[in-house]
Each structure stands twice: as C-alpha cells, then as structure tokens.
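**Q** here is the input, now give the coordinates:
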Amino acid sequence: MPWDLLEKTMRNLSLLSRFAFTGLCAAMLLRPTIVLADSPVLNQLFPELVNLLYAHDVLHARAFEEIEATNESSAAAIGKRLLVEQLEELSEASASHYHSAGDHLAMLGPHRVFESRAVPGIIVTINREQTAEQAAAALAESGTLPPVAIETLKRGREFVEELLEIYLDDGYDDKKVAVDAAVQRYLSDDEHSVASLPKSDELLSDHPYAYSYRVGFPQLSGLTWASQWLKIATLEIVATAPDQEAKIREVSNVLLYYKEKTTRLHGSLVSLPSDIPTIPVIAPNFYTFHPEASAIVDNIEALKVVIGDALAYPDLMARSEIIESMVADYTNKTDYLFDHRDYLISVLRGGIYNAGGPARGGMQRPDRNYSRERQENPHISKFPMPQ
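**A** Next comes the predicted model:
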C-alpha cells in the first residue's frame, strides 16, 4: 500500500477502528513488538472510558444548545441583565483572569433555573452509550457553530484519541517519536489546527465577552471541564503507568473521580471544576514529555471556552462571524503566543483543586496558599521520558 494512501486512511478511521488497523500496518512494516488482539485495545480494556470520550463532544453540543435556547427565551431577561452586571464588575477588577479564584466561581449562576432544568438530562446523555459517529456529528447537528469551528474541534478530538492510541499500542517502540509525528500530521491542515505553542491568555481573558460562559452557566461549563479533566487525566495515566495492569487500575480510579465530579449532591453539582483543566496542572508529566502536543490540547479547550463566551453573551449580534474570528486567532501559528514559562505561570494561578484535582487522587480542599511542601509538588516529574 502506498504510504500516502496509508496515512490518509489512518486519519479517516475512527479511534477504535484505527487500533485494529494500526496492528495490521505494524505487521506489514515488520515491527516485531506488536501484538495483534482479537478486539481493539482501548475498547477491550476501557469500554466505559471510550463511551465517555465519545460523549465529550456530545456534551459540548448539548451545553451550547441549552445556552442558545436560554438566550432565546423571553423568561431569561433578568438572568441576562444580572450576567451583564457581573461581567462589568469583573472587567473592572484588575486581577480578573480565567485561571484564578474569585466570587464568580459560584455554582449558582444568573440562569440557574434554566441550568437546573437542563443538567439532569445532560448527565443522562453523557452516561448513555455513545458511538464514534454520534461524537463526530454532535456539534454539526446542533446548528450552533460555523463549519470552520466544527471541523477544528473535530480534528482536536481526533488528535487526543491518537495520543491515547499511541500510549496504549505496544507497537509504538518510541512514544516520543510517535507523538511528534502525530503533532506534525495534526498541523498539516493549517486552517483547522490550533497552534502548537500555548496561546496568550489575552485571547482567553481579554476579549469583549470573556467570562460569559463561566459566569453565565457555571454548571454547564463545569460539566464540560469535568469531561476535559477526564481526558487529560487519562493521558497522564497512560503516559506514566509502568505496565498494563497499572493502567487498568489507575484508569478505573480516574473514572471514579470523574463520577464524583458529575454526581449531584443536595440538588447541585458541587464538585465540578471551576477552572479550565490544563495539561501542566492535571498532567504535568505528560506536559514534560510532550510540550507541543500539550499546547495543542490546551489550545483546543481554550477555543471551546471562548466559543462558549460568544454563545453565552446576551443579545450578541453576528455571533457566527465572531466565532469564526476566534477560531482564526487560535489557528494562527504566529500571533498571540506564550512561551512555555509564561504559560505555566498563567495556568497555575488557580491551583490544582479548581481545575479538578490531580489525575491520581482527589483533593478535599483548595490548594491555593499551601506551601510547596504541603502540596507535595506534583509538578516535579517522577517518571522518565517515554521511549
């Protein structure tokens, strides 16, 4: 099979199909370490995780639909006014930043009645069996996003799936080389790929509609961030667990932590992340191994957040054109870039607790203002670079 046709076919296959196809290609290329299985690796080992990964885009589609429906409702007038007032207060606060703690992190937003009605159904949806086809079509079928945003988010989802595939497939002898190659394949579609360097927080925190998603819909945004936490916590586990048995055990724990975050207590979701989970915060070892891949994953999630801001801001005109402009900012490879040091300072502002807690364990209280010793500094890598 010609290599260019092989590569094109790989990109077009779903994650689960690609596991089987990867094994076949490895055998064709005489890679002796590959072990062919009767069923795809990820689906065989972690069927519940597969379902929740597919549900990630379905969750975003449902959240965006509910936000749009809320803004179109005549009963939302008071909530819209309260949201604008809260945003004005935030704009006057010099320390206001997405990755920071503050009063605007409360789980009761100005549209709390709409959220309380929508959230139970959304939780049922994300726990329902999903397919690769449903995940791929969810955002397009919602009708809330322009085509360039849909395609860019779709490529982002496929990139994360490929990262998981690389770390679960023993046919990849050198994980770093394989991830670097995946990054280059991802970037080959310039129009629909975000930058491989972190985007400046100016794009996230300083645009005219900033914080609308988080302040206006704290439970919907928190649900999407819990789902993102699951993705990147899983990346940390599969990249650092010493063997397959450890991966199975630790992924099972990650799933338990995710269920705790998405379980209603006293009628509310009190354990949701209130900050955007990022790889340096939740998956510091994966970040150490693969800074470019990490930046891509984090930029994709930041893009979802600013899209959420544009959708949540009341009575915004030309919404589709604004979202297209936001996508263009994140797919621009030369402007609004952070170096990695400045990015670390930015994302660590809010602490690990607000972003959902570390991949390997829960946190019962915020870590802000703890000493480094008390935090046991999870950002010092204990794991060697993967080969």
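**Q** element containing the closest residue to residue 166 other than its chain neighbours, please.
**A** Leaving aside its sequence neighbours, residue 166 sits nearest to residue 178 (Cβ to Cβ, 6 or more residues apart in numbering; 4.6 Å). No exception for glycine: its C-beta is placed from N, CA and C like everyone else's. In this structure, residue 178 sits in helix 175-187 according to DSSP states H and E.
**Q** mind giving me the packing neighbours of that helix?
**A** When contacts are defined as 3 or more Cβ pairs under 8 Å, 6 or more residues apart in numbering; DSSP states H and E, helix 175-187 sits against helix 147-168, helix 284-289, helix 291-312.
**Q** hey, least reliable of these by pLDDT?
**A** Lowest mean pLDDT within those: helix 147-168, at a mean of 92.
**Q** just the helices from the stretch 201-350 of the chain, written as ranges.
**A** 201-205, 212-216, 218-240, 244-261, 279-282, 284-289, 291-312, 319-331, 340-347 (DSSP state H, counting those that start in this stretch).
**Q** next one: the shortest one to chain centre, how far?
**A** Taking Cα atoms, centre = their mean, to the nearest Å, one finds helix 279-282 lying 11 Å from the centre of the chain it belongs to.
**Q** and stretch 342-362, by the same measure?
**A** Centroid separation for stretch 342-362 versus its chain: 14 Å, with Cα atoms, centre = their mean.
**Q** buried stuff in that stretch?
**A** Within stretch 342-362, the residues scored as buried using 16 or more other Cβ atoms under 10 Å are 343-344, 346-359.
**Q** just those residues: which are in strands?
**A** If you go by DSSP state E, the buried residues of stretch 342-362 have nothing in strands.
**Q** least confident pick among these?
**A** Lowest pLDDT within these is found at residue 350 (77).
**Q** correct me, but that one touches residue 277?
**A** No - look at residue 350 against residue 277 with Cβ atoms under 8 Å: they stay out of range, at 10.1 Å.
**Q** for residue 43, which three-state class applies?
**A** Under DSSP: H, G, I helix; E, B strand; the rest coil, residue 43 falls in the helix class.
**Q** so who does residue 194 touch?
**A** 152, 156, 296, 299-300, 303, 330-331 (Cβ atoms under 8 Å, 6 or more residues apart in numbering).
**Q** separation between the residue nearest to residue 244 when sequence neighbours are not counted and residue 220?
**A** With Cβ to Cβ, 6+ apart as the criterion, residue 244 has its nearest non-adjacent residue at 7.7 Å, and that residue is residue 45. The spacing between residue 45 and residue 220, counted by Cβ to Cβ, to the nearest Å, is 31 Å.
**Q** ok, the two, which is more surrounded?
**A** residue 220 (30 against 16; other Cβ atoms under 10 Å).
**Q** ok, the more buried one touching residue 118?
**A** Yes - Residue 220 lies in contact with residue 118 (Cβ under 8 Å); the separation is 7.2 Å.
**Q** worst-scoring helix or strand of the protein, pLDDT-wise?
**A** Here the helix or strand of the chain ranked lowest by mean pLDDT, DSSP states H and E is helix 15-28, holding a mean of 40.
**Q** joint contacts of residue 220 and residue 118?
**A** residue 66.
**Q** quick one: low-confidence parts of the protein?
**A** For the chain, the stretches with pLDDT under 70 are 1-40, 93-97, 100-107, 266-268, 362-387.
**Q** from residue 261, how far out is the residue positioned nearest the centre of it?
**A** Closest residue to the average C-alpha location of the chain: residue 228 at 3.4 Å, with Cα atoms, centre = their mean. Here the criterion is Cβ to Cβ. By it, residue 228 lies 11 Å from residue 261.
**Q** closest to residue 207 out of the helices and strands packed on helix 175-187?
**A** Closest approach to residue 207 among the helices and strands packed on helix 175-187 (Cβ to Cβ): helix 291-312, 6.4 Å.
**Q** how many neighbouring residues does residue 319 have?
**A** Neighbour count for residue 319, taken as other Cβ under 10 Å: 19.
**Q** list the contacts of it.
**A** 310-311.
**Q** on that earlier part again, my read: the residue nearest to residue 166 touches residue 165, true?
**A** No - contact status for residue 178 versus residue 165: not in contact, 9.2 Å apart, counting by Cβ under 8 Å.
**Q** in terms of neighbours, single out the busier of these two.
**A** The residue with more neighbours, out of residue 178 and residue 165, is residue 165; 23 against 19, by other Cβ under 10 Å.
**Q** ok, the more buried one touching residue 50?
**A** No - contact between residue 165 and residue 50 fails when scored by Cβ under 8 Å: they sit 11.6 Å apart.
**Q** downstream of the helix or strand harbouring residue 61, the next helix or strand is which one?
**A** In this assignment (DSSP H and E), residue 61 forms part of helix 47-72. Sequence order places helix 77-91 as the next helix or strand after helix 47-72, per DSSP H and E.
**Q** buried ones in that following helix?
**A** 79-80, 82-84, 86-87, 90.
**Q** next up, the contacts around residue 112.
**A** Residue 112 sits next to residue 79 when contact means Cβ under 8 Å, 6+ apart.
**Q** torsion angles phi and psi at it?
**A** Main-chain torsions, residue 112, degrees, to the nearest 10: phi -60, psi -30.
**Q** from residue 210, how far out is it?
**A** Distance, residue 112 to residue 210, by Cβ to Cβ: 21 Å.
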